[in-house]
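Trainee: Okay, sequence plus prediction incoming.
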Amino acid sequence: MGKCDNEGELQERLEKMRSHWSNRTLIIQEYIDIDEEYSISGLCLNQKVILPALLKRLYVGKHERGVTIVGKLVPLEENIPFTDQIRSFLKSLHYTGLFCIDLVRSKNYIYFSEINLRSAGSLYGYVKAGANLPSVFVKNLLEIPWEETETQVTYGKTFFYDKVGWEDLILGLCTKKDFNQYLKTSDYTFMRDDDDPRPGKMLYAELNHRYRVQQIQRRFPILSKISSAMFIFIFPLFLSGYWFI
């Protein structure tokens, strides 16, 4: 993938690629500067479409491009003026199941970037805010009654998708200050839960260890090479039983 700033640069890039990959097919699209990113997770029950809220992406992953790191749930109708058209489109599919629609705002326009007839990774943000859509989906399949309150969220809740945040931190794509800011601005995280704290603590301990190892390797590359050499040459001796003092 590459970005060209003008038509001449695009033509030059295509000519260079022709000599190396003349048998390949390319997709060329207009580049859009993104001002804001949104996501709509919901549930279709054939002709009943449930749209609890609009997810506004405050921070987006760099390693997992486009995946929300920090998101905030806001009223859908107040921010997206064509909600009725979205509902009509989904009803026309006669679909039953979870879905996710990704949008971007560029200047005064809103563009659809993805429409996925599946659950989104950020759906847990809706669940933690009160709209347990997977539960309602299962109840509907089993013909078990459910309440409308089960599909309603508390607006203004901000979540931290900490798995994605940790990946950026470990790979050096965000700073420790950024990571702490993600935590500070969030009402809850995906990987830690007060109701069941032990798995979250264990995961954070493992991720923190990986982060410290990466920091040592970046700051002291010579030590990293020495430790690798010791593992390569000494460990086989240990296995074979040949030891000397």
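Mentor: Here it is on my side, so go on.
Trainee: Strands along the chain, start to end?
Mentor: For the chain, applying DSSP state E gives strands covering 36-45, 48-50, 54-60, 68-74, 96-106, 109-116, 158-160, 188-189.
Trainee: What's the local residue count around the residue nearest to residue 67 when sequence neighbours are not counted?
Mentor: Distances taken as CB to CB, 6 or more residues apart in numbering put residue 61 closest to residue 67, at 4.3 Å, once the chain neighbours are dropped. C-beta coordinates here come from the backbone N, C-alpha and C atoms, glycine included. Look at residue 61: counted by other CB atoms under 10 Å, it has 19 neighbours.
Trainee: cool, and the one 3 residues further on?
Mentor: A count of neighbours around residue 64, defined by other CB under 10 Å, yields 15.
Trainee: How much space separates it from residue 134?
Mentor: 22 Å (CB to CB, to the nearest Å).
Trainee: biggest helix in this structure, by residue count?
Mentor: Among the segments of the chain that qualify as a helix by DSSP state H, the longest is helix 197-219.
Trainee: could you give the mean pLDDT of that helix?
Mentor: What helix 197-219 shows for mean pLDDT is 89.
Trainee: which ones are touching residue 68?
Mentor: Applying CB atoms under 8 Å, 6 or more residues apart in numbering, we find residue 68 in contact with 39, 55, 57, 59, 60, 61, 121, 122, 125, 161, 164.
Trainee: and it, bridged to which residues?
Mentor: Taking DSSP bridges, one obtains residue 60 as the residues bridged to residue 68.
Trainee: got it, and the one 4 residues further on?
Mentor: According to DSSP bridges, the residues that bridge with residue 72 are residue 56, residue 158.
Trainee: Contact partners for the spatially most central residue of the chain?
Mentor: By CA atoms, centre = their mean, the chain has its centre lying nearest to residue 67, at 2.3 Å. By CB under 8 Å, 6+ apart, residue 67 lies in contact with 60, 61, 121, 122, 161, 164.
Trainee: Need the max-distance pair from those residues.
Mentor: For the contacts of residue 67, the farthest-apart pair by CB to CB is 60 and 121; their separation is 12.3 Å.
Trainee: burial of residue 28, as a residue count?
Mentor: Other residues near residue 28 come to 9 when the count uses other CB under 10 Å.
Trainee: ok now do it, which residues does it touch?
Mentor: Residue 28 sits next to residue 10 when contact means CB under 8 Å, 6+ apart.
Trainee: need the helix or strand of this protein with the lowest average pLDDT.
Mentor: Every helix and strand in the chain was compared by mean pLDDT, DSSP states H and E; the lowest is helix 221-240, with a mean of 56.
Trainee: my read: residue 2 touches residue 13, true?
Mentor: Yes: in terms of CB atoms under 8 Å, residue 2 counts as a neighbour of residue 13; the distance is 6.4 Å.
Trainee: between the two, who's got more neighbours?
Mentor: Each of residue 2 and residue 13 has its neighbours counted (other CB under 10 Å); residue 13 has more, 15 against 7.
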